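Student: Structure, please.
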Amino acid sequence: MNHIEREPSTLTWATASFGHSADMSAQEKTELSTHLTQCRAGAERLVLHCAVQSLREFVAAHFMTTIVVIAALALLFRFW
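Tutor: Numbers count the residues shown, from 1 in each chain. Here you go, the predicted structure:
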């Protein structure tokens, strides 16, 4: 097995700062904060969406059982 060793001087570090400071500007920090706030708000809706989707899949997979259980509960509460 041959290993090719590079001299440390041949390794380069590339950034997208194009020679400028890589620090975040105030506008970038504000935009990032806004984005994260929107993502967190969306995550709460995503949890609810996932729960509803799971329930929908369960009911679809167990359709007849679900109908029988609902009918039994309706009869139980009707005669209670």
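
Student: residue boundaries of the helices in this protein?
Tutor: Using DSSP state H, the helices found in the chain span residues 26-61, 63-78.

Student: What helices and strands are in contact with the longest one?
Tutor: Helices and strands in packing contact with helix 26-61 are not found; criterion 3 or more Cβ pairs under 8 Å, 6 or more residues apart in numbering; DSSP states H and E. In short, each C-beta sits where N, CA and C put it, glycine included.

Student: now it, how far from the centre of its chain.
Tutor: Counting by Cα atoms, centre = their mean, to the nearest Å, helix 26-61 is centred 6 Å from the centre of its parent chain.

Student: quick one, that helix and helix 63-78 angle?
Tutor: 80 degrees (axes from the mean of the first three to the mean of the last three Cα atoms, to 10 degrees).

Student: What residues sit buried inside helix 26-61?
Tutor: When burial is assessed from 16 or more other Cβ atoms under 10 Å, helix 26-61 yields no buried residues.

Student: now swap in the last one and tell me
Tutor: If you call a residue buried by 16+ other Cβ under 10 Å, then helix 63-78 has no buried ones at all.

Student: same question for it, mean pLDDT?
Tutor: For helix 63-78, mean pLDDT rounds to 92.

Student: before we move on, what about stretch 29-40?
Tutor: 86.

Student: can you list contacts of it?
Tutor: Contacting residues not belonging to stretch 29-40 are listed as Met24 [Cβ atoms under 8 Å, 6 or more residues apart in numbering].

Student: Using PDB, list the CA coordinates for it.
Tutor: Backbone C-alpha positions of stretch 29-40 (Å, rounded to 0.1, in the frame of the first residue of the first chain) are rendered in PDB as follows:
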ATOM      1  CA  LYS A  29     -27.200  37.400  13.200                       C
ATOM      2  CA  THR A  30     -30.600  39.000  13.000                       C
ATOM      3  CA  GLU A  31     -31.600  36.900  10.000                       C
ATOM      4  CA  LEU A  32     -30.300  33.700  11.700                       C
ATOM      5  CA  SER A  33     -32.300  34.500  14.800                       C
ATOM      6  CA  THR A  34     -35.400  35.100  12.800                       C
ATOM      7  CA  HIS A  35     -34.900  31.800  10.900                       C
ATOM      8  CA  LEU A  36     -34.400  29.800  14.100                       C
ATOM      9  CA  THR A  37     -37.500  31.400  15.600                       C
ATOM     10  CA  GLN A  38     -39.500  30.300  12.600                       C
ATOM     11  CA  CYS A  39     -38.000  26.800  12.600                       C
ATOM     12  CA  ARG A  40     -38.900  26.400  16.300                       C
END
